[in-house]
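Enquirer: Quick one, fold the following:
(one chain, ligands or ions: 1)
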Amino acid sequence: MNTLPSTETVVHIRGVGAYLPERIMHNDELASMVDTTDEWIRSRTGIEQRHLVAVGQLTADLAAQAAQAALDDAGLTVADMDALVLATTTPDMIFPSTASMVQARLGGKEFPAWDIQAVCSGFVYGLAQVEGMMRAGMFRRVLLIGAESMSRIVDWSDRNTCVLFGDGAGAVVLEAGENDGCGLMRSVLHCDGSYRELLMAEHAMRGQPPHTDRQTVMDMDAAGVSAIQMRGNEVFRVAVTKLGEVVNEVMAANGVQKSDIDWLVPHQANIRILQATAKKLNLPQERMVVTVARHANTSAASVPLALHDLYQRGELKRGQLLLLEAFAGGFAWGANMLRWSRD
Ligand code: UT7
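Expert: Next up, the predicted model:
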């Protein structure tokens, strides 16, 4: 159902859901696979464990579970939705989109569904994109999901990266409504492609177009796997700088001060990056959501999983000011700000 554009339209979060696969891998298990220790992983990253998909469990499966939980939380059904947007770096297929697979799993029909790719910033990008479309009157209710099976693109023999990532999904139900002083505020997004080689996973698709002799060369990688490669230390330094800048930028865009922020809901890559951002905001540690110890880096799922974690603790109050931020391969980074809409 479309709505008419109105300058008074504000987008609210009506429901929040999450799903984590059952299997938990602790640091000690990794230490039996590569040259690492629980102590190194904890002290350098803050990670203690991560959830991993089962064999055959797809990104779409995680996403559908989180989305259904968000619908239940909002007291709505998929039939009430006008669109479904899925942020993921680990789509199940090149096409169709994982979003379309999730729509089918939920029993939805006809409404538009699409994926977006901004790696770990996917949910932050998605929130900005969907909010703009809803304020323009295109949709009244949208399911926005961040879902990842990062374990499927990790090189499990590379200690530099395999200790960092986990799988999971988080989702929100967004609803356009009246301006009651709550809801999504202005977002800020950035990308600088000159950094792309510091953090990437090459595409497994190696097919070639037909040659002049009309012979088609399909040199697909038999395994079809493209692993994450990262120059972690360089990524770390840029992440701390850019996140420090973007939180200032989003506060200025919304005319708020550091002291106004009630909760920081950051992308969960490394506890030391989170702490650096909180310090720049003069924010007490208990006002920052930390899930990295339990979830590790779940890329596009990380921010909605952190939001769900805060939500289910029951500490969120209507009108409180939340700052969401993320930094990702690309590099792509950004921040959203909102006043919590639920009682
Ligand atoms: O979500 C997208 C954005 N991603 C990020 O923000 C990740 C940013 N980067 C980081 O979080 C950190 O840079 C890492 C956790 C990846 C690495 O921490 P670091 O403190 O920057 O360590 P480093 O890369 O400088 O490596 C220090 C040492 C090296 O050994 P040498 O050369 O000093 O002998 C590494 O080989 O630690 C070694 N090392 C490990 N040792 C034990 C690297 N990985 C491991 C490991 N276990 N798993």
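Enquirer: Residue 190 - how many residues pack around it?
Expert: 16 (other C-beta atoms under 10 Å). C-beta coordinates here come from the backbone N, C-alpha and C atoms, glycine included.
Enquirer: Quick check: closest non-adjacent residue to it.
Expert: residue 333 (5.3 Å; C-beta to C-beta, 6 or more residues apart in numbering).
Enquirer: tell me the secondary structure for the one you found?
Expert: Secondary structure assignment for residue 333 (DSSP: H, G, I helix; E, B strand; the rest coil): strand.
Enquirer: What about the one residue in the chain that gets nearest to the ligand, how many residues nearby?
Expert: With C-beta to the nearest ligand atom, the shortest gap between the chain and the ligand falls at residue 232, namely 2.7 Å. Applying other C-beta under 10 Å, we find 17 other residues in the vicinity of residue 232.
Enquirer: Could you identify the helix or strand that succeeds the host helix or strand of residue 272?
Expert: Assigning secondary structure by DSSP states H and E places residue 272 in helix 271-280. Scanning the chain past helix 271-280 towards its C-terminal end, the next helix or strand to appear is helix 292-295 (assignment: DSSP H and E).
Enquirer: low-confidence ranges in this structure?
Expert: Per-residue confidence for the chain (pLDDT under 70) gives these ranges: 1-7, 204-225.
Enquirer: ranges for the strands of the protein?
Expert: Listed from the start of the chain, the chain has strands (DSSP state E) covering 10-19, 23-26, 49-52, 83-87, 113-116, 141-149, 167-177, 183-184, 188-191, 199-201, 228-230, 263-266, 321-328, 332-339.
Enquirer: Just name the most buried of these.
Expert: Stretch with highest mean neighbour count among the strands of the chain: strand 141-149 (a mean of 31; mean count of other C-beta atoms under 10 Å).
Enquirer: ok and that one relative to strand 321-328, angle-wise?
Expert: Between strand 141-149 and strand 321-328, the angle formed by their directions is 40 degrees, by axes from the mean of the first three to the mean of the last three C-alpha atoms, to 10 degrees.
Enquirer: which neighbours does strand 141-149 have in its sheet, and in what orientation?
Expert: Using DSSP bridges, the strands paired with strand 141-149 in its sheet are strand 83-87 (parallel), strand 167-177 (antiparallel).
Enquirer: ok, residues contacting the longest helix seen in the chain?
Expert: For the chain, the longest helix by residue count, based on DSSP state H, is helix 232-254. When contacts are defined by C-beta atoms under 8 Å, 6 or more residues apart in numbering, helix 232-254 is touched by residues 160-161, 185-188, 190, 195, 198-199, 257-258, 260-261, 266, 269-270, 272-273, 276-277, 280-281, 323, 325, 327, 331, 333-337.
Enquirer: Let me see the contact set for residue 8.
Expert: Residue 8 is in contact with 178, 179, counting by C-beta under 8 Å, 6+ apart.
Enquirer: Check residue 162 too.
Expert: When the contact criterion is C-beta under 8 Å, 6+ apart, the partners of residue 162 are 30, 33, 34, 154, 155, 156.
Enquirer: Spatially nearest residue to the fifth one, not counting backbone neighbours?
Expert: Read that as residue 155. Leaving aside its chain neighbours, residue 155 sits nearest to residue 227 (3.6 Å; criterion: C-beta to C-beta, 6+ apart).
Enquirer: same thing with the third one?
Expert: Closest residue to residue 34 in three dimensions, ignoring its sequence neighbours and counting by C-beta to C-beta, 6+ apart: residue 159, at 4.1 Å.
Enquirer: Give me the neighbour count for that neighbour.
Expert: Residue 159 is surrounded by 17 other residues when neighbours are defined as other C-beta under 10 Å.
Enquirer: From what I see, the residue nearest to residue 155 and residue 158 are in contact.
Expert: Yes: the pair residue 227 and residue 158 passes the contact test of C-beta atoms under 8 Å, sitting 7.0 Å apart.
Enquirer: Which of the two has more residues huddled nearby?
Expert: residue 227 (17 against 14).
Enquirer: residues in contact with the more buried one?
Expert: Residue 227 is in contact with 153, 154, 155, 158, 161, 201, counting by C-beta under 8 Å, 6+ apart.
Enquirer: follow-up on the earlier one: give the phi and psi angles for the residue nearest to residue 155, as a check.
Expert: The phi/psi pair for residue 227 (degrees, to the nearest 10) reads phi -90, psi 160.
Enquirer: Just list whatever residues bridge to the residue nearest to residue 69 when sequence neighbours are not counted.
Expert: For residue 69, ignoring the flanking residues on the chain, the nearest one in space by C-beta to C-beta, 6+ apart is residue 17 at 2.8 Å. The residues listed as beta-bridge partners of residue 17 by DSSP bridges are residue 171.
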